[in-house]
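**Q** Sequence plus the predicted model coming up.
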Amino acid sequence: MVNKKGQLKIQQMIFMLLAVTLFFVMIGMIFLVISTSDLRREANLLEEKEALLLVTKLANSPEFSCGDSVDNRKTHCVDLDKLMILQQFPEYEEFWGIDNIQVRKIYPVGDEDVFCKDSYPDCNVFRMFDRNLTADRSNFVTVCHKELREGVARDRCELGLLMVSYKNK
Amino acid sequence: MKLNKSGQEELIGFALIMIIVAVVMLIFLSLSLASPNKKTVESYEVESFLSSALSYTTGCETYGRGLRDLEDLVRDCNGGLTCTNGDKACDVLENTFTEILNVSWRVGPNWPYNGYTLKIYNEEETEILTVKEGNETGDSRGYTSLDGRGNEISLTIYAKP
């Protein structure tokens, strides 16, 4: 009788130990899942940041940026007039180590692709080099140019995407 | 009788431990499920978008100031101004932002985003404009921009869970 009671107590103890161990294992698993998902999220954000910074760096370089030519502009502003001139210098092909650069106006929305080399400034796609682009990096930019309104040159800025494909990733 | 009482006490103890364990587990579970929903990650992409969109030149012209960009229109709308063609600055601001957001952040079952919310407040924290599309999810990213006059423009994008 006494033995049986002792066995029962040992069984109880084993069950309790098992329950406590399982409990801590579950907490550990939950913690691992949370920390892993956070890591993945952070990795995605870092990748996004790297890609965007590469494009932003290019957009803010003196060859691309609006600078003082456009009123009240800050960062992420690309001067399309500058790019049209820059396009004529083949030596820039090796300057950035870039395969191609494309600026696509996304607002106002155009019905079809009109390339700037054919119809500037009434166009929506600018390509730095005359070849197709596999854009693996892109970021929002303001695309500005000067236009004549009532005999006065004024700024016209639209929303676009600066797309870049790099030779060496 | 004595044996029974001791057994009952043990059972109560066991039940108490199980309840405590269950409560702790519930707290952990609710914390792990609830915390991501409140978190909005600051996004460089949204920052670039806001900065670029605010520089967009609209068709609204005000007397002596020429064509206004969206950032100017936030101030004009707050001041209750009207364009030279008779359109209200607030209407132009709302229509332009709605269209720009619509083409830039595609929302729906075939697109990567579930929804977005744009909110603009003036320095007295009075709402100037709210544009909402789609549904909110736990995975959100956003950015808040302040213009020189204390107006606050914040955009939150909700990705698919």
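**A** Received it, and whenever you're ready, just let me know what you need.
**Q** Can you name the residues of chain B that neighbour chain A?
**A** Within reach of chain A by C-beta under 8 Å from any C-beta of the partner chain, chain B has these residues: B:10, B:14, B:17-18, B:21, B:24-25, B:28-29, B:32, B:36, B:41, B:43-45, B:48-49, B:51-53, B:55-57, B:66-67, B:69, B:99-100, B:103-104. Just so you know, the C-beta spots here come from the backbone N, C-alpha and C atoms, and that holds for glycine as well.
**Q** List only buried entries from the residues you listed.
**A** Buried positions within the residues of chain B next to chain A, assessed by neighbour count (16 or more other C-beta atoms under 10 Å in any protein chain shown), are B:36, B:41, B:43-45, B:48-49, B:51-53, B:55-57, B:67, B:69, B:100, B:104.
**Q** And the pLDDT for the nearest residue to residue B:131 once chain neighbours are set aside?
**A** For residue B:131, ignoring the flanking residues on the chain, the nearest one in space by C-beta to C-beta, 6 or more residues apart in numbering or on different chains is residue B:118 at 4.3 Å. Listed pLDDT for residue B:118 reads 96.
**Q** Specify the local secondary structure of residue B:118.
**A** The three-state assignment at residue B:118 reads strand, by DSSP: H, G, I helix; E, B strand; the rest coil.
**Q** wouldn't it be in contact with residue B:97 here?
**A** Yes: at 6.2 Å, residue B:118 counts as touching residue B:97 under the criterion of C-beta atoms under 8 Å.
**Q** Return every residue with contacts to both of these two.
**A** Shared contacts of residue B:118 and residue B:97 (C-beta atoms under 8 Å, 6 or more residues apart in numbering or on different chains): B:129, B:131.
**Q** who are the neighbours in contact with residue 93?
**A** Since you didn't name a chain, this refers to chain A. Contacts for residue A:93 (C-beta under 8 Å, 6+ apart) come out as residue A:129.
**Q** looking at chain B here, not the other one
**A** Contacts for residue B:93 were tallied using C-beta under 8 Å, 6+ apart; they are B:58, B:70, B:73-74, B:76-77, B:128-129.
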